[in-house]
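> return a 3D structure for these sequence lines:
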Amino acid sequence: MFITLEGPDGSGKSTQIGPLADFLRQHGYPVLTTREPGGTSISDQVRTVLLNRMDNQTMHPRTEILLFLAARAQLVEEVIRPRLAAGEIVLSDRYADSTLAYQGYGHEVDCDLLRLLLEFATGRLWPDLTILLDVDVETGLRRKLSGGEWNRLDAYAVAFHQRVRQGYYVLAQRDPQRWVTLDANRPFEQVQADLRCIITARLEEFRQQA
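Numbering: from 1, shown residues only. Next comes the predicted model:
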């Protein structure tokens, strides 16, 4: 089963995914966690260019899109597909929907074109379940700043991040079978408990269908 956590910056994806994976392992599930961009040697190098190099502020949105796609293509073929084929659960901190939310709605790039590019980059691999951790923009950015994990995309204007958040709403509404939305403004423990309930219920559905 391929499960992704999505959401605006500072929504808690990176904080939640580790304890969530540990919980699933304790219940006997083989779990791999990964993140985007990153997850392979090549993808991590692309991550440095995309996020960690704060002097890359002049990067054009098309360049940004292609770099994200390149990192994702490598991750899918080198890591995600083999682990799914081996019967494991793959938990990813972001995936293709981030491109639609950030580059599509945030940068206002044609989402239909982006979907075609995403189909190519992922080999048409989409998650079985996507959980949107929703947080208001000001709270999310404040969390990122206080946590010292500021990256190049966080420096975009607040209006950009507002469009990203609205974009996530649109994506979730268009595919309610795949998406579940959680209020991530709440304390960590409450969000983690909901994540565990949602995923274990979906895993049980998959088991019954097998």
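> avg pLDDT for the helix or strand where residue 3 lies?
Here residue 3 sits within strand 2-6, counting by DSSP states H and E. Per-residue pLDDT over strand 2-6 has a mean of 98.
> which outside residues touch it?
Residues outside strand 2-6 that contact it (Cβ atoms under 8 Å, 6 or more residues apart in numbering) are 13, 16-17, 80, 84, 89-95, 97-98, 101, 125-133, 168, 199, 202. Using the backbone N, CA and C atoms, a C-beta is placed for each residue, glycine as well.
> so which of these are in strands?
Judged by DSSP state E, the subset of the contacts of strand 2-6 located in strands is 89, 90, 91, 92, 93, 129, 130, 131, 132, 133.
> relative to residue 205, how far out is residue 49?
Note on residue 49: its distance to residue 205, by Cβ to Cβ, to the nearest Å, is 40 Å.
> neighbour-wise, which of those two wins?
Taking other Cβ atoms under 10 Å, residue 49 and residue 205 do not tie; residue 49 has more neighbours (16 against 13).
> that one and residue 55: what is the separation?
Distance from residue 49 to residue 55, by Cβ to Cβ: 11 Å.
> helices of this protein, start to end?
Remark: helices assigned in the chain by DSSP state H are 13-26, 41-47, 61-75, 81-85, 96-98, 111-122, 137-147, 158-174, 188-209.
> closest one to residue 180 among those?
helix 188-209 (5.5 Å; Cβ to Cβ).
> restrict stretch 191-204 to CA atoms and write it as PDB.
Listed next in PDB are the C-alpha coordinates belonging to stretch 191-204 (Å, rounded to 0.1, in the frame of the first residue of the first chain):
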ATOM      1  CA  VAL A 191      -3.300  14.300  14.800                       C
ATOM      2  CA  GLN A 192      -1.200  11.200  15.300                       C
ATOM      3  CA  ALA A 193      -4.100   9.300  16.800                       C
ATOM      4  CA  ASP A 194      -6.300  10.200  13.800                       C
ATOM      5  CA  LEU A 195      -3.600   9.200  11.400                       C
ATOM      6  CA  ARG A 196      -3.300   5.800  13.000                       C
ATOM      7  CA  CYS A 197      -7.100   5.200  12.900                       C
ATOM      8  CA  ILE A 198      -7.400   6.200   9.300                       C
ATOM      9  CA  ILE A 199      -4.500   4.100   8.100                       C
ATOM     10  CA  THR A 200      -5.300   1.000  10.100                       C
ATOM     11  CA  ALA A 201      -8.900   1.100   8.800                       C
ATOM     12  CA  ARG A 202      -7.800   1.500   5.200                       C
ATOM     13  CA  LEU A 203      -5.300  -1.400   5.700                       C
ATOM     14  CA  GLU A 204      -8.100  -3.600   7.000                       C
END
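> ok, back up a step: going by mean pLDDT, which of the helices of the chain comes out lowest?
Of all those, mean pLDDT reaches its minimum on helix 137-147 (a mean of 86).
> quick one: contacts of that helix?
So helix 137-147 is contacted by 7-12, 135, 150, 154, 158, 161-162, 165, 185 (Cβ under 8 Å, 6+ apart).
> and if we set it to 10 Å?
7-12, 14-15, 133-136, 149-151, 153-156, 158-165, 184-185 (Cβ atoms under 10 Å, 6 or more residues apart in numbering).
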